[in-house]
Structures are given as C-alpha cells and as structure tokens.
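# A structural model of the following input is requested.
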Amino acid sequence: MAKKNPKDIERRALVEKMRQEQARKEKRRSLLILGGCIVVVLGLLTAALIPYLKDQADKKEIKNTELAKLGVSRSAADCDPIKTESAEGSGDHKATGTSIPYDEAPPAFGPHWPNFLQGSEIRNMYTPEDRPELERMVHSLEHGHTFLWYDDTIKAGSQEYKDLEAMATKLADNPWFNIVPWKSSDGDPFPEGKHVALTHWTGPDKQTGVWEYCGKPSGEVVAEFDEKYTKDNAPEPGAP
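Below you'll find the predicted structure:
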C-alpha cells in the first residue's frame, strides 16, 4: 500500500477546515438574514396592529359614550329653530338619470328617482366621493331615513369631521340615520354661518319636510332630532 503523502493530508485537512469555516459563515449569514426578516415583519405587523388596536379602542370608547356627549353642545352648535314645510312628491318617480332641481338646500322631500338606497349601499357616513345621487337619497327620505348633511367647509381631518365620524360610529346599528355631504354642485349653500343640516320627511298623514340648520355638529341636537323624527314617521315607513 502506498504511503499517504503528509503534504496531501495537510492540504486536505486545510481544505476541510476552510470548508467548515465557510459553512459556519454561510449559516451565520443566513441566521442574520432570517433575523433581519423577522424584525422587519414584526415591525410591519406592529405598525399595522397599533393603529388597528387604537381604532378599536376609540370605537369602543365612542360606543360607551352617550350620543349627546359627542360633538359640541346644543348651545355651542348655533342652531336655527326647526323649520317645517308642507311636503309633496311622495310616489312621484322621475326617470333614473333625470336631474331634479330642489327648492331647498338640502331637500327634505320632493320627486325622486325610483331606485332608493338598499343593502350594502346604506352606510352611516358618506364622503363627497362615494355619496349616492341626490335624487336617490330623497327617495330614501320618503322611506324614513334621517340625513345629517355637512357642507364642503367641513373637511376630512377637521374636528367637525371627526365629530361626525364619531356620531356615525355611535349610530352604526341604525341604518336609518345617515351623514351625507352637501356638494356645491347640488345647489345653493346653507344659510349663512350654518354648515350642517338635519332633514326628515314625515308622514304618511300630513306630510311635512323638516329642517334643522346648525353651525357645528352636535350629538345633543342629533339625539333630540332622531328621537322626535323616527323611521316610522314617514310617507312610506318600513321600506329599506
């Protein structure tokens, strides 16, 4: 048997040592990469989870707060006396897509399109971007909805807007109360100094349009108005 060359043995031992060292480095690098990925993922999860938990906590706090405590007080809301007017237009359906001019800003009654709001279309608060057509909303007024309209001076992120969002959260179990924007393209502005308006269409007997204009959103005003003008007090109560 040929003798093993000591230099070959030494060389192979050196190669094996280098291979093992490289393997250790690769393993260390893989662990560092894995650890970095875990840190990034945890950071992303935390970044997403914290706002979610805060949002849930805020909603829980709002749910535990009386509606009358949201927004400003009645005295600070600077509301005009409730205005009523004999209503007409019940059952007066115009072809979908027909532009219908309304005398009041916003309307509380009048002719309307036949396709009222239904199902997932109904939400407690709309933005200017997702609000349904005015003529459809008037139809939903006929069915017992109450609308709180806000004009374009109330911007997303403002305190007034946040107060409206809080009211929408509080009233999430009531699909008959909807907070909706009044756009400049809809018609005339609200009376001077007023930026929100509550409307309802009473019935079925002695139908009236009802308005209450205020300077600022007030949960106290909303609670009183919604208690007085219920979904059953409407020309066609019981419809969605």
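# pLDDT weak spots in this structure?
For the chain, the stretches with pLDDT under 70 are 1-4, 50-59, 239-240.
# quick one, phi psi at the most centrally placed residue in the chain?
By Cα atoms, centre = their mean, the chain has its centre lying nearest to M125, at 4.9 Å. Backbone geometry at M125, expressed as degrees, to the nearest 10, gives phi -150, psi 130.
# tell me the contacts of the closest residue to it other than its chain neighbours?
The shortest distance from M125 to any non-neighbouring residue, by Cβ to Cβ, 6 or more residues apart in numbering, is to A168 (3.7 Å). (Each C-beta comes from the backbone N, C-alpha and C, glycine too.) By Cβ atoms under 8 Å, 6 or more residues apart in numbering, the contact set of A168 is R123, N124, M125, I179.
# most neighbours of all those residues, which one?
Within those, I179 tops the neighbour count with 24 neighbours, counted by other Cβ atoms under 10 Å.
# which residue, neighbours along the chain excluded, lies closest to that one?
According to Cβ to Cβ, 6+ apart, the nearest residue to I179 is M125 (4.2 Å).
# now do E121
P132 (6.5 Å).
# quick one: that neighbour from L117, how far?
6 Å (Cβ to Cβ, to the nearest Å).
# and if you look at P6?
In terms of Cβ to Cβ, P6 sits 92 Å off from L117.
# measure stretch 197-214 end to end?
6 Å (Cα to Cα, to the nearest Å).
# what does that stretch rub up against?
With Cβ under 8 Å, 6+ apart as the test, stretch 197-214 has contacts from 77-80, 82-88, 90, 104, 106-109, 141-142, 146-149, 182, 190-191, 194-196, 221-222, 225, 229, 233-237.
# roughly how far is it from the heart of the chain?
How far stretch 197-214 lies from its chain's middle: 24 Å, per Cα atoms, centre = their mean, to the nearest Å.
# quick one, what contacts R136?
H112, W113, N115, F116, L117.
# so what's the backbone phi/psi at the second one?
Pointing back at W113 there. According to degrees, to the nearest 10, W113 has phi -80, psi 160.
# surely T146 touches I179?
No - under the criterion of Cβ atoms under 8 Å, T146 makes no contact with I179, lying 10.0 Å away.
# circling back to that earlier point, among the contacts of A168, which are in strands?
I179 (DSSP state E).
# quick one: secondary structure of Y213?
For Y213, the assignment made with DSSP: H, G, I helix; E, B strand; the rest coil gives strand.
# cool, thanks, talk later.
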